[in-house]
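J.: Below is the sequence, then the predicted model.
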Amino acid sequence: MLYKEIHIGKFIKERIDENEITMERICKFLDKDEDAIERMYSSRSLDADLLLRWSKLLEYDFFRLYSSHLILYAPPAAVNKNQQKSDKIPYFRKNIYTQEIKEFIMKRILSGEMTQSDVIKEYSIPKSTLHRWLQKSDTING
């Protein structure tokens, strides 16, 4: 799965088809009519509250798609020791690489699509972290 281009409506529709959820149940849960639901399927983005409701209905964390995109494609934050951290919003100390991200990156390396150096440069993954993933992959596959 590529995380670079996210079309959330397509992902939602795919999950609905996988789980065979009826339109009646969807409309009732979201308190929307069929036309509104169909428009959501073609939408590239949705309001966060609505996406949260979809996540609950379909038992799938759609926000993780965006987190994965940030981990893979957003540049790391510049270190600024004078920067004040807010107590009002959560602060995440470091990136957490999901299994999907690890598999995505490992697949690109093992297929020859990217070298280890390319991955380190493109995604800002520490060399030691990538090395650990490769060791685990060898242990599992070998």
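T.: Sure thing, it's come through.

J.: Tell me which residue is most central in this protein.
T.: In the chain, the residue lying closest to the centroid (C-alpha atoms, centre = their mean) is residue 65, at 2.1 Å.

J.: pretty sure residue 51 contacts residue 63?
T.: Yes: between residue 51 and residue 63 there is a contact at 6.8 Å, judged by C-beta atoms under 8 Å. C-betas here are computed from N, CA, C, even on glycine.

J.: Among these two, which residue is more densely surrounded?
T.: For residue 51 and residue 63, the more surrounded residue by other C-beta atoms under 10 Å is residue 51, and the numbers stand at 19 against 13.

J.: any idea how far the least confident helix or strand in the chain by mean pLDDT is from the chain center?
T.: Every helix and strand of the chain was ranked by mean pLDDT, DSSP states H and E. The lowest is helix 127-141, at a mean of 80. Between the centre of helix 127-141 and the centre of its chain there are 21 Å (C-alpha atoms, centre = their mean, to the nearest Å).

J.: Nearest spatial neighbour of residue 64, chain-adjacent residues omitted?
T.: Closest residue to residue 64 apart from its sequence neighbours, by C-beta to C-beta, 6 or more residues apart in numbering: residue 98 at 6.6 Å.

J.: Enumerate every residue touching that neighbour.
T.: Contacts of residue 98 were listed using C-beta atoms under 8 Å, 6 or more residues apart in numbering, and they are 64, 67-68, 71.

J.: And residue 122, by the same measure?
T.: Contact analysis of residue 122 by C-beta under 8 Å, 6+ apart lists residue 114.

J.: Got the confidence number for it?
T.: Predicted confidence (pLDDT) for residue 122: 83.

J.: Distance of it relative to residue 105?
T.: For residue 122, the distance to residue 105 equals 9 Å [C-beta to C-beta, to the nearest Å].

J.: Tell me the spacing between the residue nearest to residue 64 and residue 40.
T.: Distance, residue 98 to residue 40, using C-beta to C-beta: 25 Å.

J.: What of residue 9?
T.: To residue 40, residue 9 is 6 Å away according to C-beta to C-beta.
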